[in-house]
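Enquirer: Predicted structure and sequence below. I'll ask about it afterward.
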Amino acid sequence: MKHFAAFALLLAASCAASPSTPTAPVAPHVVLEGGDTPEFAADADAILAELEAWRGLRFREDLVVSIVPQSEVEDERLNGWYESSTKRLVVVEGKTDRMSRGTLLHEMFHALQDQHFDLARLHAEADPLGEDARRALRALIEGEAMLAVSELMNYDFEQHAHLPETGPIDVERFEKIFHYGAGLRYARALREAGGWERVDAAFADPPRTTAEVLHLERLEPGYVASSETPELPPSDDAAFPRGQYAVALFLAKPEATRARSAEAAMHVLAEEAWTERGELVWRLLFDEADAARLAIEAAKAQGGRTLSAIGEHGGLVTLYLPSL
């Protein structure tokens, strides 16, 4: 009996020391928090796999998704969010199932981006470069996520991405139209220009100006940038750029200049701004005379005054505006 016990112990030790058969890694999956699973999230793991197949990237970690009721969210306009700093992913329940499912897909895609490109790092690198750089980066991030929703759910966001012809401009809506609308077109143009590798390259070297997001012709094969970068006449003031997004918003505020606001902003070759005695002084160099005149009209409509030198093919306009 003693010999049998010793043999059993020796066998057990031998088995424990022998190499074990390697097991396949467990694929990441979705962990839902928040009580009963709503219908729109019942197949969350299938959404995860669908995103992986669409983008050609694999999730590296499990996703924890918090489903919260609308009553727990102060801002009723929020459908969900993903926080790259904390990895928290939230979907608000109480909207339609289709809207909630789209939100889930959108925010899960942000998590996929984060696991591969480190969104918190990208935001930290863009922060000191100014608002235009931050906005351009967000257009890339949000635009690609909206492209995923658009193609996987057959959802045409661009049909809703229009400004009202009359009435005041909702700045928050204008911002969303840029991030989700122009951003979507930018992400799609990147993919068309060079596949997902081109999109990956954009995350490795993100756009630093909203002009890069808006000028899709620069992504077309054979495009050659001008060898001469236009410069504004020298100024003694501490100047900073505001970006083509800011120009478009400025032109969109008056009803009379709204229709051409986005297109006219893209005719800005160079710009700088500074504050002087409570006014915003903004110098804009245009390559089209009509766009320059539109800036003058928009400035007057918003209580500003102007100086200009406009020729046949463009012009320099200096705007003196109440603080915007």
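Expert: Yep, it's here.
Enquirer: And the strands in the protein?
Expert: With strands called from DSSP state E, the chain shows them at 30-33, 63-69, 80-83, 88-93, 268-276, 279-286, 305-311, 314-322.
Enquirer: What are the buried residues along the fifth one?
Expert: Okay, so that is strand 268-276. Using 16 or more other C-beta atoms under 10 Å as the burial criterion, the residues of strand 268-276 that qualify are V268, L269, E271, E272, A273. C-beta here means a position set from N, CA and C on the backbone, and glycine is covered the same way.
Enquirer: which strands and helices sit next to that strand?
Expert: Counting contacts by 3 or more C-beta pairs under 8 Å, 6 or more residues apart in numbering; DSSP states H and E, strand 268-276 packs against helix 244-252, strand 279-286.
Enquirer: which of those is buried the deepest?
Expert: Most buried of the helices and strands packed on strand 268-276 by mean neighbour count (mean count of other C-beta atoms under 10 Å) is helix 244-252; its value is a mean of 23.
Enquirer: relative to strand 314-322, how tilted is that one?
Expert: Here helix 244-252 runs at an angle of 70 degrees relative to strand 314-322 (axes from the mean of the first three to the mean of the last three C-alpha atoms, to 10 degrees).
Enquirer: Averaged pLDDT, helix 244-252. What do you get?
Expert: Mean per-residue pLDDT for helix 244-252: 97.
Enquirer: May I have it exported as CSV, CA atoms only?
Expert: Extracted C-alpha coordinates of helix 244-252, given in CSV (Å, rounded to 0.1, in the frame of the first residue of the first chain):
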residue,chain,number,x,y,z
GLN,A,244,-10.8,76.4,-42.6
TYR,A,245,-13.4,74.9,-40.3
ALA,A,246,-13.6,78.2,-38.5
VAL,A,247,-13.9,80.1,-41.8
ALA,A,248,-16.7,77.8,-42.9
LEU,A,249,-18.6,78.4,-39.6
PHE,A,250,-18.0,82.2,-39.8
LEU,A,251,-19.5,82.2,-43.3
ALA,A,252,-22.4,80.0,-42.4
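Enquirer: So what touches it?
Expert: By C-beta atoms under 8 Å, 6 or more residues apart in numbering, the surrounding residues in contact with helix 244-252 are 131-132, 135, 163, 169, 171, 174, 178, 209-211, 214, 257-258, 260-262, 264-266, 268, 271, 284, 294-295, 298, 302, 324.
Enquirer: before we move on, back to that, want to throw the strands of the chain into CSV with mean pLDDT and distance to R121?
Expert: What follows is the strands of the chain, written out as CSV (pLDDT from 0 to 100; distance: least, C-beta to C-beta, whole Å):
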stretch, mean pLDDT, distance to R121
strand 30-33, 90, 24
strand 63-69, 92, 20
strand 80-83, 94, 14
strand 88-93, 92, 17
strand 268-276, 91, 29
strand 279-286, 94, 32
strand 305-311, 92, 42
strand 314-322, 94, 36
